[in-house]
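*Asks:* Sequence first, predicted coordinates after that:
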Amino acid sequence: MPAWLKDAIFYEIYPQSFKDTNGDGIGDINGIIEKLDYVKSLGCNALWINPCYDSPFKDAGYDVRDYKKVAPRYGTNEDLYKLFEEAHKRDIHVLLDLVPGHTSEEHEWFLESKKATRNEYSDRYVWTNGWLQGVPGHPYIGGEADRDGCYMLNFFKCQPALNYGFLNRTEDWQKAPDDPACLATREALKDVMRFWLDRGCDGFRVDMADSLVKEDDENKSATGAIWKDIRAMLDADYPEAAIISEWSNPMQSLKSGFHADFYLDHHGNGYNTLLRDYETAGGDHSFLKKDGNGDIMRFLNDFLPKYDSTKDDGYISFITCNHDTPRPRRTLEFQELKLATALFLTLPGVPFIYYGDEIGMRYLDIPTKEGGYTRTGSRTPMQWNHGKNLGFSDADSKDIYLPVDPSADAPTVTSQENDPDSLLSTVKALTKIRHEYTDLHADSEFEVVYAEAEEFPFVFKRGELYVAINPSEKKAGVSVSKKREKIYEIGTTEIKENSLIMDPQSFVILK
Ligand code: GLC
Ligand code: CA
């Protein structure tokens, strides 16, 4: 386990929307380098950069055409090596995005694989034996290749599935996970990882990490075995490199070697009940909404068993949002956003802040771009100041990657950085405390102190610290074992004798 993860606070950067330095309207690697001091000032000491590789951008870069080449629109490989170096000077670790399950249909492996004549890459992807034979349960993709066969998709139509084999095989074209062709795919993936790790990258956020072996068992044991093998490579040769999975099943991912796993907004996950529970009948039932319709037990009943059974294996990662998820500002007001950040930065595990959430950027209702669809509204340019394109780019507004928030009150870094009461200042105060108290680090003990169905507040212990949150509009009280000292608060809280009295929408850390 890389030691640096304990005290890591990540910042996720969507490269096309962060900072444009050459006026072509699209964010670039040099823009990230330019803003490293800003990242540091936020208290973030690690980055996750969404795919920045050569791509036809039918899925915003998750359709990789060349794993080892930076997309020209973002700069050059040398720019990225420089970013690693500049980040390291500031004690910032950098994770790239690894897409192991599929490539772009324009990747050279696929161009070879679709040829009629057999070659080294014929079995790099999943193909059936004939043009009239589809992959059961999948769309029928024939007629696009000279090869007499149909190929399997992993996600979008532009993303053919790489071949890691099938655990349960019913067709003769399905290979075993230990077939030489499937082992070659795995070695090719390791080669990509080594390429970037050798050049200064500190690890990977792994896209659709559970999608490797097809017809896997319900425990994903065959996909897990591949990750265990990759983890062994890291432990031997890159012990400080981290891998963090998009899997959202810590019982599977952390037991398979991932250092951390995202706790995502998947159906039924407790994370949704905290801030994105607006699809249930009868209004928004999110715990963090001030109307107080939430129920912390819906979160804990899901989270606690996962946490308890994996806490010795790795970390669970809470996110404010990501490039696939509606921004929290879509439904939360500023006070609610402050409390949300406070909760995510004090729970155990490795937290992630999505660029722009630290100032409460809006989710915009805009047309799709590069396969974003409803996700596009969470991918708009970072809002730095009140200059042209809100400081994102010098290009003509009509030429920028996506529009910036057109509202007169669009939040920006400059409008919040000198206001002690702003969301940005709150985020900075919280990251500072998290770094200062090892009890708040990823691996410190977590224990529920007070949590009752449909009641407030929610109180938990991290090591020797008590953390209490009352997101509701009602005053709430709870007894605390002895007189404790406040080290940080949002809103107003008061300790009287053996009780903690919390005003509406408040949060406190006690020592
Ligand atoms: C992941 C990414 C998403 C992408 C998909 C296919 O879910 O986060 O943005 O579209 O995988 O690679
Ligand atoms: Ca640019």
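*Replies:* In hand now; what should we look at? Ligands and ions are numbered 1, 2, ... in the order given.
*Asks:* any low-confidence regions in the protein?
*Replies:* Nowhere does the chain drop to pLDDT under 70.
*Asks:* mind listing what the spatially most central residue of it touches?
*Replies:* The residue lying closest to the centre of the chain (C-alpha atoms, centre = their mean) is Asn322, at 5.4 Å. If you count contacts by C-beta atoms under 8 Å, 6 or more residues apart in numbering, Asn322 has them with 12, 262, 264, 352, 354, 378. (C-beta placed from N, C-alpha, C; glycine too.)
*Asks:* so it sits in a strand?
*Replies:* No - under DSSP: H, G, I helix; E, B strand; the rest coil, Asn322 falls outside any strand and is assigned coil.
*Asks:* Look up how far ligand 1 lies from Tyr373.
*Replies:* Applying C-beta to the nearest ligand atom, to the nearest Å, the value for Tyr373 to ligand 1 is 10 Å.
*Asks:* what's the neighbour count on that residue?
*Replies:* Tyr373: 10 surrounding residues under other C-beta atoms under 10 Å.
*Asks:* please begin residue numbering at 49 from this point
*Replies:* In the new numbering, first residue 49, that becomes Tyr421.
*Asks:* So what does it look like in phi/psi?
*Replies:* Per-residue torsions, Tyr421: phi 50, psi -130 (degrees, to the nearest 10).
*Asks:* now swap in Tyr402 and tell me
*Replies:* phi -90, psi 130.
*Asks:* Look up the residues forming beta bridges with it.
*Replies:* Glu60 (DSSP bridges).
*Asks:* still on that earlier bit, what's the farthest-apart pair in the contacts of Asn370?
*Replies:* Phe310 and Ser426 (15.4 Å; C-beta to C-beta).
*Asks:* which stretches of the chain form helices?
*Replies:* Assigned by DSSP state H, the chain shows helices spanning 77-82, 84-89, 125-137, 156-161, 228-245, 269-285, 298-301, 318-323, 344-358, 382-392, 461-465, 471-484.
*Asks:* which residue sits closest to the closest residue to ligand 1 within the stretch 149-298 of the chain, ignoring its sequence neighbours?
*Replies:* Residue nearest to ligand 1 within the stretch 149-298 of the chain: Phe203 (4.1 Å; C-beta to the nearest ligand atom). Excluding its sequence neighbours, the residue lying closest to Phe203 (C-beta to C-beta, 6 or more residues apart in numbering) is His150, at 6.3 Å.
*Asks:* separation between the one you found and Pro50?
*Replies:* 27 Å (C-beta to C-beta, to the nearest Å).
*Asks:* What number of residues are in the vicinity of Val515?
*Replies:* Val515: 24 neighbours (other C-beta under 10 Å).
*Asks:* go on, His314?
*Replies:* Residues near His314, counting by other C-beta under 10 Å: 12.
*Asks:* List the contacts of the residue lying closest to it once chain neighbours are set aside.
*Replies:* Spatial nearest neighbour of His314, excluding adjacent residues (C-beta to C-beta, 6+ apart): Ser296 at 5.1 Å. Contacts here follow C-beta under 8 Å, 6+ apart; on that basis Ser296 touches 309-312, 314, 317.
*Asks:* Reformat the contacts of Asn370 as TSV; add distance to ligand 1 and neighbour count.
*Replies:* Formatted as TSV, these follow (distance: C-beta to the nearest ligand atom, whole Å; neighbours: other C-beta atoms under 10 Å):
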residue	distance to ligand 1	neighbour count
Glu60	10	24
Phe310	9	27
Leu312	9	19
Phe400	13	25
Tyr402	12	22
Ser426	11	26
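*Asks:* can you redo those residues as a markdown table with distance to ligand 2?
*Replies:* Formatted as a markdown table, those follow (distance: C-beta to the ion, whole Å):
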| residue | distance to ligand 2 |
| --- | --- |
| Glu60 | 19 |
| Phe310 | 28 |
| Leu312 | 30 |
| Phe400 | 25 |
| Tyr402 | 21 |
| Ser426 | 20 |
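*Asks:* Looking at those residues, which is nearest Pro454?
*Replies:* Ser426 (16.2 Å).
*Asks:* surely the closest one meets Arg375?
*Replies:* Yes - using C-beta atoms under 8 Å, Ser426 is in contact with Arg375, at 4.9 Å.
*Asks:* what is in contact with those two at once?
*Replies:* Common neighbours of Ser426 and Arg375, counting by C-beta under 8 Å, 6+ apart, are 369, 402, 411.
*Asks:* Enumerate the residues of the chain near ligand 1.
*Replies:* Within the chain, the positions near ligand 1 by C-beta under 6 Å from any ligand atom are 107, 110, 147, 203, 255-256, 294, 371-372.
*Asks:* residue contacts, Val528?
*Replies:* 507, 514, 543, 546-548, 558.
*Asks:* one more time with 7 Å
*Replies:* 514, 543, 546-548, 558 (C-beta atoms under 7 Å, 6 or more residues apart in numbering).
*Asks:* ok, of the residues you listed, which come out buried?
*Replies:* Using 16 or more other C-beta atoms under 10 Å as the burial test, these include 514, 543, 548, 558 as buried.
*Asks:* Just name the closest of those residues to ligand 1, please.
*Replies:* For these, the nearest to ligand 1 is Tyr514 (35.5 Å; C-beta to the nearest ligand atom).
*Asks:* hmm, back to that, as JSON lines, the residues of the chain next to ligand 1 with neighbour count would be great.
*Replies:* Formatted as JSON lines, those follow (neighbours: other C-beta atoms under 10 Å):
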{"residue": "Asp107", "neighbour count": "21"}
{"residue": "Tyr110", "neighbour count": "28"}
{"residue": "Val147", "neighbour count": "28"}
{"residue": "Phe203", "neighbour count": "18"}
{"residue": "Asp255", "neighbour count": "20"}
{"residue": "Met256", "neighbour count": "17"}
{"residue": "Glu294", "neighbour count": "21"}
{"residue": "His371", "neighbour count": "20"}
{"residue": "Asp372", "neighbour count": "14"}
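*Asks:* returning to that earlier point: most widely separated two among the buried ones among the contacts of Val528?
*Replies:* Tyr514 and Ile543 (10.4 Å).
*Asks:* quick one: common contacting residues for those two?
*Replies:* 528, 532.
*Asks:* of His150 and Pro50, who's got more company?
*Replies:* His150 (26 against 17).
*Asks:* If that one is in a bridge, with which residues?
*Replies:* According to DSSP bridges, beta-bridge pairing links His150 with Ala209.
*Asks:* Just confirm it contacts Leu210, I think it does.
*Replies:* Yes - counting by C-beta atoms under 7 Å, Leu210 is a contact partner of His150 at 5.9 Å.
*Asks:* Hmm, Asp255 is touching Glu294, no?
*Replies:* Yes - between Asp255 and Glu294 there is a contact under C-beta under 7 Å: 5.5 Å.
*Asks:* what touches both of the two?
*Replies:* Common neighbours of Asp255 and Glu294 (C-beta under 7 Å, 6+ apart) do not exist.
*Asks:* Contacts only, for whichever residue of the chain sits closest to ligand 1.
*Replies:* Closest to ligand 1 within the chain is Tyr110: 3.3 Å, counting by C-beta to the nearest ligand atom. When contacts are counted by C-beta under 7 Å, 6+ apart, Tyr110 touches 99, 147, 255.
*Asks:* Now with 8 Å, please.
*Replies:* Tyr110 neighbours (C-beta under 8 Å, 6+ apart): 99, 103, 145, 147, 203, 207, 255.
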